[in-house]
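Novice: Dropping the sequence and predicted coords here.
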Amino acid sequence: MTALELTRAFERGDIRNASFHHASHLQVAWIYLCESASVEEACQKMAATLRRFATAAGKPEKYHETITQFWIRLLSILRESANGCDLDTILRTNPRLLEKDLTLDYYSAETLWSDCARITWTEPDLKPLASVEIESECR
């Protein structure tokens, strides 16, 4: 299944919770970045889709605004600096992106797991997103 097919299936509710992993989140986020006029629009699309998904899975409390925006904003920076690389190439050359706990390189646990960060975008408190470095085969 392509990232676009995954995104449309995810939007329709055809993807089960057990089948939707971190890499799947990244694929959907990438599609939203490609389809959106801005990072903010991509964040809104991802938030709406993830909230529906979490609610359908019976776990609406699982949605986390800062984590959602972190990954979209990070992918946006990588997309802009990757000189036309596709997501698969970026992930292959930067396997750390496949680790969900990458957020803890940017956030203290106290900040990331706060009630405030769960419901609203919170800037990283350890290092800025702009400090991300990318290895690229497309440069």
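Specialist: Okay, I see it.

Novice: what's the nearest residue to residue 132 if we skip its chain neighbours?
Specialist: Distances taken as C-beta to C-beta, 6 or more residues apart in numbering place residue 77 nearest to residue 132, at 5.6 Å, with adjacent residues excluded. Using the backbone N, CA and C atoms, a C-beta is placed for each residue, glycine as well.

Novice: hey, C-alpha coordinates of stretch 97-109 in CSV?
Specialist: Taking C-alpha atoms only, stretch 97-109 is exported to CSV below (Å, rounded to 0.1, in the frame of the first residue of the first chain):
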residue,chain,number,x,y,z
LEU,A,97,13.2,9.0,12.8
LEU,A,98,11.5,5.6,13.1
GLU,A,99,12.0,5.8,16.9
LYS,A,100,9.0,7.3,18.6
ASP,A,101,11.1,8.5,21.5
LEU,A,102,13.0,10.9,19.3
THR,A,103,10.7,13.5,20.9
LEU,A,104,12.7,13.1,24.1
ASP,A,105,15.8,14.5,22.4
TYR,A,106,13.8,17.8,22.1
TYR,A,107,11.6,17.7,25.2
SER,A,108,12.1,16.9,28.8
ALA,A,109,9.7,14.2,29.9
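
Novice: got the buried residues for that stretch?
Specialist: 97, 102, 103, 106, 107 (16 or more other C-beta atoms under 10 Å).

Novice: Spatially nearest residue to the first one (excluding sequence neighbours)?
Specialist: The shortest distance from residue 97 to any non-neighbouring residue, by C-beta to C-beta, 6+ apart, is to residue 91 (5.6 Å).

Novice: Quick one: residues contacting the one you found.
Specialist: By C-beta atoms under 8 Å, 6 or more residues apart in numbering, the contact set of residue 91 is 23, 26, 97, 98.
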